[in-house]
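Colleague: Provided below are the primary sequence and the corresponding predicted coordinates.
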Amino acid sequence: MTRATRVEGLTADVPDRADAAFVIHATWALERTPGMVSHVRPDLVLADSGLPCDTFNFVCRARLEKSAARAGAREAVAYFEQVQRPFSWWVGPGDRPHELGAVLEDLGLERAEAELAMALPLERLPDAVAEVPGLDVRRVGTNEELDTFAELSASNWTPPDAQVIAFYRRAAAALLGAEAPQRLYVGYLQGEPVATAEATVHDGTAALFSLATRPAARGRGIGSRVTWQALRDAHAAGCDLAVLQAAAAGVGLYRRLGFAGFGEITEYKPRSAAGAEG
């Protein structure tokens, strides 16, 4: 199910704003990094990092006419088959047609996972959250800090995914530029890096990604503090809406910050890839 759910206090344009910010997250650095490409069309967006890693290879923001959905989807799937790189297709509340999931399954993809799409009008962001003794939240601004962010992100896989580190190193010049819409954060506990967050800022929307805390540091409010810092900075920069996609384990944390669900986001992958992960 990918239809948007109407939630009190959230406007009808939230799914479109979330998708627009996701496109920036997926394509902005690629467009400025040699060896990476993106195709941003009114009806579909494709991002290809050039790496054998579906963490950075996407199809998203489908606005396909029902009569053209199969042909448009087949074209995107064929692209990744031709370049022989893995990819994920993300289907969210704003995507069309509503039958897109069935079209993708008919083309050989399957549901890999589903997460809750959540949003928060930033005027509702709490003025503060509990301090965590010894925690220092810093926005990434140097190559060394970007390497730390990348290594923490890679450690979300077992074993750590070297392609995640490769992506951030290749895209470093774009991501560290003053105009980059991706704002990356690392939380350091007693000097040790333990948590990450990304806020991609676009047209008044802050889209959160890479929200993670090392297992040994969980349960202390670190994730809440790092997420809140990214949101506070985005609000100060003029954003009025925050969006994210939440795995089941994180929904409670985000609700405590004021987020509400507005639909489901489903990840589709080629059957062989989805089966291998399961």
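Modeller: That came through fine. Residues are numbered from 1 along each chain as shown.

Colleague: hey, where'd the helices end up in this structure?
Modeller: Ranges of helices in the chain, per DSSP state H, are 14-27, 69-83, 100-106, 143-154, 162-170, 172-175, 222-236, 251-256, 271-277.

Colleague: packing partners for the first one?
Modeller: Right, helix 14-27. On a contact count with 3 or more Cβ pairs under 8 Å, 6 or more residues apart in numbering; DSSP states H and E, helix 14-27 meets strand 37-40, strand 45-48, strand 58-60, strand 109-121, strand 192-202, strand 205-213, strand 241-246, strand 260-270. No exception for glycine: its C-beta is placed from N, CA and C like everyone else's.

Colleague: what's the burial count for Glu123?
Modeller: 10 (other Cβ atoms under 10 Å).

Colleague: what's near enough to touch the nearest residue in space to it that is not next to it in sequence?
Modeller: Excluding its sequence neighbours, the residue lying closest to Glu123 (Cβ to Cβ, 6 or more residues apart in numbering) is Asp240, at 6.9 Å. For Asp240, the contact set (Cβ atoms under 8 Å, 6 or more residues apart in numbering) comprises Pro121, Leu122, Glu123, Gly204.

Colleague: state the distance from Asp240 to Asp54.
Modeller: Asp240 sits 32 Å away from Asp54, going by Cβ to Cβ, to the nearest Å.

Colleague: how about the nearest residue to the most centrally placed residue in the chain, chain neighbours excluded?
Modeller: Geometric centre of the chain, nearest residue: Phe209, 4.1 Å, by Cα atoms, centre = their mean. Closest residue to Phe209 apart from its sequence neighbours, by Cβ to Cβ, 6+ apart: Glu198 at 4.4 Å.

Colleague: that neighbour pairs with what?
Modeller: Legend: beta-bridge partners of Glu198 under DSSP bridges are Leu184, Phe209.

Colleague: run a quick neighbour tally on Leu175.
Modeller: Other residues close to Leu175 by other Cβ under 10 Å number 25.

Colleague: ok, now which ones touch Asp233?
Modeller: Arg139, Arg183, Ala199.

Colleague: stretch 10-20: which residues count as buried?
Modeller: For stretch 10-20, the neighbour count (16 or more other Cβ atoms under 10 Å) marks Leu10, Val14, Pro15, Asp16, Arg17, Ala18, Asp19, Ala20 as buried.

Colleague: would you map out the domains in the chain?
Modeller: Residue ranges for the domains of the chain, per automatic domain parsing: 14-118+264-277, 122-261.
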